[in-house]
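Student: no FASTA, just this:
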């Protein structure tokens with residue numbers, strides 16, 4: 001019985017320590033940091049760029065202008081694709097509609113913060129541009145690594161957020 005109780009306590013403590021967000025309190029404000037697990041999707045997508053995103057492709061989409069596949073990895077939304085254009089350049093893109101401007105801004109800021117925390121610590125540079133109807137966050141490492149763009153734009157009465165990993169600036 002004693003061993004059972006000790007084993008139960010170990011399992012409970014293990015569950016408590018597998019928290020995905022680490023929180024630090026400083027000067028009465030709460031700061032949330034992204035854990036390595038939360039960066040794994042971004043890192044895996046960047047790594048799979050070199051191999052044409054073959055590891056995440058599922059079924060091919062019928063499209064007469066480009067070669068396109070659905071994916072099993074979704075950075076945002078549930079409809080992400082890999083596209084191979086006529087110049088043999090591959091890109092990964094996801095797009096999701098967002099209903100309200102407030103929801104749009106919060107969503108963009110949350111994803112941009114995650115990308116910032118995952119990428120800038122390894123040397124990526126972020127540039128951000130905002131207009132009355134759009135927000136663009138672009139992450140660049142060098143002229144050989146793909147460019148990551150998060151854009152949120154107003155479309156008619158709604159908004160749309162798009163995430164893309166595209167060929168590097170040097171190509």
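Tutor: Alright, I've got the coordinates. In this text the structure is predicted, and so the values were computed from the model without any measurement.
Student: contacts, neighbours, all on C-alpha from now
Tutor: OK.
Student: can you map out the helices along this protein?
Tutor: Using DSSP state H, the helices of the chain run over 2-17, 36-49, 101-119.
Student: So which elements touch the longest one?
Tutor: Secondary-structure packing of helix 101-119 (3 or more Cα pairs under 8 Å, 6 or more residues apart in numbering; DSSP states H and E): helix 36-49, strand 134-140, strand 147-155, strand 158-166.
Student: who wins for proximity to residue 94 among those?
Tutor: Residue 94 lies closest to strand 158-166 among the helices and strands packed on helix 101-119, at 5.2 Å (Cα to Cα).
Student: which intervals of the protein have sub-threshold pLDDT?
Tutor: Across the chain, the ranges flagged by pLDDT under 70 are 1-37, 170-171.
Student: quick one: contacts for the spatially most central residue of it?
Tutor: For the chain, the residue sitting closest to the mean C-alpha position, by Cα atoms, centre = their mean, is residue 75 at 4.2 Å. Residue 75 makes contact with 41, 42, 94, 163, according to Cα atoms under 8 Å, 6 or more residues apart in numbering.
Student: ranking the residues you listed by neighbours, who comes first?
Tutor: Counting neighbours by other Cα atoms under 10 Å, residue 163 leads the contacts of residue 75 with 24 neighbours.
Student: Would you check how far apart that one and residue 107 are?
Tutor: Distance of residue 163 to residue 107, given as Cα to Cα, to the nearest Å: 12 Å.
Student: One more: residue 89?
Tutor: For residue 89, the distance to residue 107 - Cα to Cα - is 29 Å.
Student: Looking at the two, which one has more neighbours?
Tutor: residue 107 (16 against 13).
Student: Quick check: end-to-end length of stretch 154-163?
Tutor: 15 Å.
Student: what's next to it, contact-wise?
Tutor: 75-76, 93-101, 104, 108, 133-134, 148-153.
Student: filter those residues to the buried ones?
Tutor: Burial by neighbour count, 16 or more other Cα atoms under 10 Å: within these this picks out 75-76, 93-98, 101, 104, 108, 134, 148-153.
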